[in-house]
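K.L.:
sequence plus the predicted model coming up.
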Amino acid sequence: MNEILEALAKDPNTIKELVEQYKPLVYSTAQEFLNVFKDIANNKELFETCATASKNEYDALIKVGFTKNQAMAILLHNAEQLKTISNNISTTNTKNK
């Protein structure tokens with residue numbers, strides 16, 4: 001990393017050269033990620049399975065005595081907790097790099 005910073009300090013055009021050099025690799029990698037995301041987005045079975053799991057959890061909460069509003073609140077709270085945990089993991093991984 002220091003070598004790159006030293007090169008940039010000596011010649012500001014170095015960054016342009018690096019960008020041009022690695023642009024094809026970055027674009028092709030981004031395209032592959034986009035292709036994977038499209039595959040996931042078009043996978044109806046995945047979303048149906050997730051929806052079934054959520055519905056089953058909601059129904060189970062009601063069956064054991066929670067009201068509909070309480071059951072929905074629990075589902076929303078759990079989803080928010082997962083989001084928070086995911087964000088914390090993401091932030092921790094970013095800081096450790």
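P.N.:
Received the coordinates, thanks.
K.L.:
what's the spacing between stretch 24-43 and its chain's center?
P.N.:
Relative to the chain's own centre, stretch 24-43 is displaced by 13 Å; criterion: C-alpha atoms, centre = their mean, to the nearest Å.
K.L.:
in it, what counts as buried?
P.N.:
Within stretch 24-43, no residue is scored as buried using 16 or more other C-beta atoms under 10 Å. Every residue, glycine included, has its C-beta placed from N, CA and C.
K.L.:
which residues in the chain form helices?
P.N.:
Using DSSP state H, the helices of the chain run over residues 2-10, 13-41, 44-63, 68-95.
K.L.:
could you dump the ones you listed into TSV with mean pLDDT added?
P.N.:
Formatted as TSV, the helices of the chain follow (pLDDT from 0 to 100):
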stretch	mean pLDDT
helix 2-10	79
helix 13-41	91
helix 44-63	97
helix 68-95	89
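K.L.:
quick check: chain neighbours aside, which residue is closest to L8?
P.N.:
With C-beta to C-beta, 6 or more residues apart in numbering as the criterion, L8 has its nearest non-adjacent residue at 5.3 Å, and that residue is T14.
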